[in-house]
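Q: sequence unavailable; structure follows:
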C-alpha cells in the first residue's frame with residue numbers, strides 16, 4: 001500500500017509559515033512597506049518595529065524615512081538607525097541633525113553615538 005502522507009507532527013518539510021526565517025522575512029517586508037503608509041502613526045510603528053528587529057536590510061528605507069513630513073516619524077527612524085548601527089546611516093543622520101531643533105538633535109546625537117560605538121568595534 002502506498003503512503004500518501006502522514007498526519008503526524010513533524011512529518012515532511014515545515015510549511016513556510018512555520019519556518020522562523022520565513023516569518024522574520026515576512027515581518028520585515030511588512031514593516032518596510034508600512035514606512036510608506038499614508039498614516040503617520042503606522043509609519044512611526046513601522047520604524048519602531050524595524051529598530052527593535054535591528055535588521056540591516058531595513059537601513060535604506062529607514063534613511064529615506066529621515067525626510068518624512070512628520071517629525072515623530074523622522075525621529076523614530078533616527079532612533080531605529082541608531083539601534084541598527086549601520087555606517088550607511090551616519091552621513092544622513094548628520095544632515096538631519098543640522099536641520100532639527102535642539103530636542104530632536106538629542107535623539108539624533110544618541111543614534112550617531114551608537115553608530116560610532118558599533119563602528120569602533122568592527
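A: That came through fine. In this text the structure is predicted, and so the values were computed from the model without any measurement. Numbers count the residues shown, from 1 in each chain.

Q: from here on, just use CA atoms for contacts and neighbour counts.
A: Fine.

Q: flag the shaky bits of this protein, pLDDT-wise.
A: The chain contains residues with pLDDT under 70 at 1-17.

Q: what about the residue nearest the centre of it, which SS state?
A: In the chain, the residue lying closest to the centroid (Cα atoms, centre = their mean) is residue 50, at 2.4 Å. Three-state assignment for residue 50 (DSSP: H, G, I helix; E, B strand; the rest coil): helix.

Q: what segments of the chain are helices?
A: 20-34, 40-53, 59-65, 71-84, 90-99, 102-121 (DSSP state H).

Q: just those: most buried one?
A: Stretch with highest mean neighbour count among these: helix 71-84 (a mean of 25; mean count of other Cα atoms under 10 Å).

Q: quick one: list the elements packing against it.
A: The helices and strands touching helix 71-84, judged by 3 or more Cα pairs under 8 Å, 6 or more residues apart in numbering; DSSP states H and E, are helix 40-53, helix 59-65, helix 102-121.

Q: that concludes my questions; thank you for your assistance.
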